[in-house]
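Enquirer: Let me see the structure of the following:
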Amino acid sequence: ARKCAEAVVLVEELDLGCLASVRRFAERVTASDGVAGGGLHRLVLNAGVMAVARAESKDGIPETHLAVNHVGHFLLTLLLLPALRKVHEARIVCVSSGVATVGECKLDDLGYVERMYDGFMAYADSKLFNLMFTKELALRLQQERNSSQGPLITVNAVHPGEVRTEISRSLSGWVYFLYRT
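Expert: Here you go, the predicted model:
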């Protein structure tokens, strides 16, 4: 961890595709001597994969985008909520994507067993799940605050725009061209 003015920036290993790694990360961060032991002010859910080959996660989650982009962030958020509740005003920012608008919520085929696998659509589905989770979490935290005057935890989802990063390395064709220019 490095101190920056009054803030502490934490760099830790985390594999969002492995739920045990997510749990270990949350334990390290929230330990009494950890950076967030006294409370966590900000949580930015930004890591992810895009358009990768279909594979099952180490934990048996039937699709990589779902495991890394959604389930890993979901578990991480739930595990860090107690640390977020320790401060007066906290914020959770979920980095989603505009492609969530074409995603589908096919709960009976999360692993693309019944439909043809498309890595880009699997990414879009995971980003739709991010939005659904963000909306529900914001609603529940607001209800919690209204009923108990608990801490203010703001939850938002953002679309960062088309940002040139390595997340697009698995893309091909015209979609790759759009993300690389």
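
Enquirer: For Ser21, see how far away the residue positioned nearest the centre of the chain is.
Expert: Closest residue to the average C-alpha location of the chain: His73 at 3.4 Å, with C-alpha atoms, centre = their mean. For His73, the distance to Ser21 under the criterion C-beta to C-beta, to the nearest Å works out to 13 Å. All C-beta spots, glycine's among them, are computed from the backbone N, C-alpha and C.

Enquirer: before we move on, the earlier item: who are the contact partners of the residue nearest to the centre of the chain?
Expert: Listed by C-beta atoms under 8 Å, 6 or more residues apart in numbering, the contact partners of His73 are 16, 45, 47, 94, 130, 133.

Enquirer: if I've got this straight, the fourth one is in a strand?
Expert: Yes - per DSSP: H, G, I helix; E, B strand; the rest coil, Cys94 lies within a strand segment.

Enquirer: which ones are touching it?
Expert: The neighbours of Cys94, taking C-beta under 8 Å, 6+ apart as the test, are 45, 73, 130-131, 133-134, 155-158.

Enquirer: where does this protein dip in pLDDT?
Expert: Within the chain, the segments meeting pLDDT under 70 span 1-10, 33-37, 162-181.

Enquirer: Show me which residues of stretch 70-82 are buried.
Expert: For stretch 70-82, the buried set under the neighbour-count rule, 16 or more other C-beta atoms under 10 Å, comprises 70-77, 79-81.

Enquirer: and which of these is nearest to Tyr117?
Expert: Tyr117 has its nearest neighbour among these in His70, at 16.8 Å by C-beta to C-beta.

Enquirer: Looking at the buried residues of stretch 70-82, which are in helices?
Expert: Of the positions in these, 72-77, 79-81 sit in helices, assigned by DSSP state H.

Enquirer: now, among the residues you listed, which is nearest to Tyr112?
Expert: Relative to Tyr112, and with distances defined as C-beta to C-beta, the nearest of these is Gly72, at 18.5 Å.
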